[in-house]
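In: The following comprises the amino acid sequence and a computationally predicted model.
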Amino acid sequence: MPHRLPLLLTAAAIAFAAAPACAATVTVAPGELAGALAAATAGDTLVLAPGTHPGGLAVKTPVTLVGQPGAVVEGRGEGNALTIFAPDVTVRNVEIRSSGLSLFDQNAGIFIGKEAHRAVIEDNRLRDNLIGIYVWGANDVMVRRNDVAGRTDLRVSERGNGIQLWNAPGTQVVDNSVRDGRDGIFTTTSKKNLFARNRFERVRFAVHYMYTNDSEVSDNVSVGNGVGYAIMYSNNLVIRNNRSQGDREHGLLLNYANSATIDGNVIDGRLSDEQAAPVEMAADKDMPVASDGPVEGKRTGTWKCVFIYNANKNRFTNNRFEGCEIGVHFTAGSERNTLTGNAFIGNRTQVKYVGTRFLDWSEKGRGNYWSDNAAFDLNGDGVADEAYRPNDVIDRVMWAYPSAKLLMNSPGVQVIRWAQKQFPALHPGGVIDSAPLMNPPPRPATAQTAQRNTP
């Protein structure tokens, strides 16, 4: 077919002309980053040499920034240290520090704009920034293995979040260490996100969800924060295999959160030896404390393992709630929630439910394990022979009138409790587990891979 040869040659020439030039790898000396970014073409790799590279720069071309050991991008206390406006940008192995301090302008160490789809931010060290990493409107961003530490010289209310998302569908935040900011991860108005295997210390909320749907929070570790996992105004989430250790107020908070799967989490209210030590913590200076909770400044362990407020159609399975002042505080019209196969161990009050309706926390003949349930299992099927009621009318009186605790051991109170046990119809409504388990389910294997990153 000789007559087709000119057409084939023409097509090949057009394709060659349209192909991008070969990507270059350029080593950038301190002070030359601005010029290197201006001269770069798509696909180039800019290797930052050791030393301080002045920041406040914008990446407008799809390039890769890789730092050699000792490479620092210095924001000089103004605006964003680094702003990304191009898609398919990678930032790796760089220390990024000293953004501005304007909460109004949301200054960040790395600001990822709405054009910067598919950015990869990995293995970086972020220090002294207001917000560590801010994903603002970009899709499918990967934020992984970064070490983020906030400004300890500011009050909590003046700090930014470690990692923040707004309208960032498909973004994943995995294997990061975050400490000393306002919230570890704060997300709002987003969807289809994954937050996994991160570790959070000395922040207000480890994970703070607002209006973020169809997403997953899994295998994270929260240690000694104000709240572990605060899930608000969000639907269709998977919250699985996370750990909360000694978080002050709540291990898990659900507020207007619906249709979530909450499985295999461990909320342990007991303090570790390090947490119990009498040390000053900057994060405590203006941490909100519940009106009926521990006295501010005194570390007494987690107040509520779980707080469920106006949250509906959620499914709790295979979780372990232990060592808290209150295991579950359940209130404000929450309906059609299922709790089965969970373990409530050593909580001072297993359940606080203020309401007149009866709620059965069992499913298909399988309830939950209660460490204070002195029960019998005559047929050996692993289920107690009698239902378990965590609260009675005396508990309600104690919650409403704390001074009544002086009468706890009085003969009158003991008679009332005996009568309720003999005549269940005297119970004024509340939680009942009609099939309590005799033994706790196996302890979930939670987030053991999320290790502390050293500063």
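Out: Perfect, thanks for sending it. Numbers count the residues shown, from 1 in each chain.
In: Distance check, P30 against E363.
Out: Distance check for P30 against E363: by CB to CB, to the nearest Å, it reads 63 Å. C-betas here are computed from N, CA, C, even on glycine.
In: If you could redo that for A257, that was the one I meant.
Out: Distance from A257 to E363, by CB to CB: 20 Å.
In: How about G137?
Out: 41 Å.
In: So what sits opposite T27 in the bridge?
Out: T27 has these beta-bridge partners by DSSP bridges: V47.
In: ranges for the helices of the chain?
Out: Secondary structure of the chain, counting by DSSP state H: helices at 5-18, 33-39, 273-276, 393-400, 411-422.
In: Mind telling me which of those helices the model trusts least?
Out: Ranked by mean pLDDT, these bottom out at helix 5-18, with a mean of 44.
In: so where's the stretch 201-350 of the chain uncertain?
Out: The stretch 201-350 of the chain contains residues with pLDDT under 70 at 273-300, 332.
In: please redo it, this time with the cut-off set to 90
Out: Along the stretch 201-350 of the chain, segments meeting pLDDT under 90 span 271-302, 330-335, 348-349.
In: Would you point out which residue is most central in the chain?
Out: The chain has V207 as the residue nearest its centroid, 2.4 Å off, counting by CA atoms, centre = their mean.
In: Have a look at A257 and E363 and say which one is more surrounded.
Out: A257 (27 against 16; other CB atoms under 10 Å).
In: So that one sits against N235, correct?
Out: Yes. Counting by CB atoms under 8 Å, A257 touches N235, with 7.2 Å between them.
In: ok so, going back, the residue nearest to the centre of the chain: what's it in contact with?
Out: Residues near V207 by CB atoms under 8 Å, 6 or more residues apart in numbering: 183-185, 195, 200, 217, 220, 222, 228-231.
In: try 6 Å this time
Out: By CB atoms under 6 Å, 6 or more residues apart in numbering, V207 lies in contact with 185, 217, 229.
In: what phi and what psi does the backbone show at the residue nearest to S272 when sequence neighbours are not counted?
Out: The shortest distance from S272 to any non-neighbouring residue, by CB to CB, 6 or more residues apart in numbering, is to G246 (6.2 Å). Here is the backbone geometry of G246 (degrees, to the nearest 10): phi 70, psi 30.
In: and G246, how many residues sit next to it?
Out: By other CB under 10 Å, 24 other residues sit near G246.
In: measure it to Y353 for me?
Out: Note on G246: its distance to Y353, by CB to CB, is 25 Å.
In: same thing with R366?
Out: R366 sits 20 Å away from Y353, going by CB to CB.
In: Looking at these two, which has the bigger crowd around it?
Out: Looking at R366 and Y353 with other CB under 10 Å, you find the greater number of neighbours at Y353, namely 21 against 16.
In: Identify the bridge partners of that one.
Out: Assigned bridge partners for Y353, using DSSP bridges, are F330.
In: if we can go back for a sec, the residue nearest to S272 touches G224, doesn't it?
Out: Yes. In this structure, G246 is within contact of G224 by CB atoms under 6 Å, at 5.2 Å.
In: which residue packs closest to G162, ignoring adjacent ones?
Out: V178 (3.5 Å).
In: Look up how far F316 lies from that neighbour.
Out: Separation of V178 from F316 (CB to CB) stands at 26 Å.
In: The two: which has the busier surroundings?
Out: Neighbour count, other CB under 10 Å: between V178 and F316, V178 has more, with 29 against 25.
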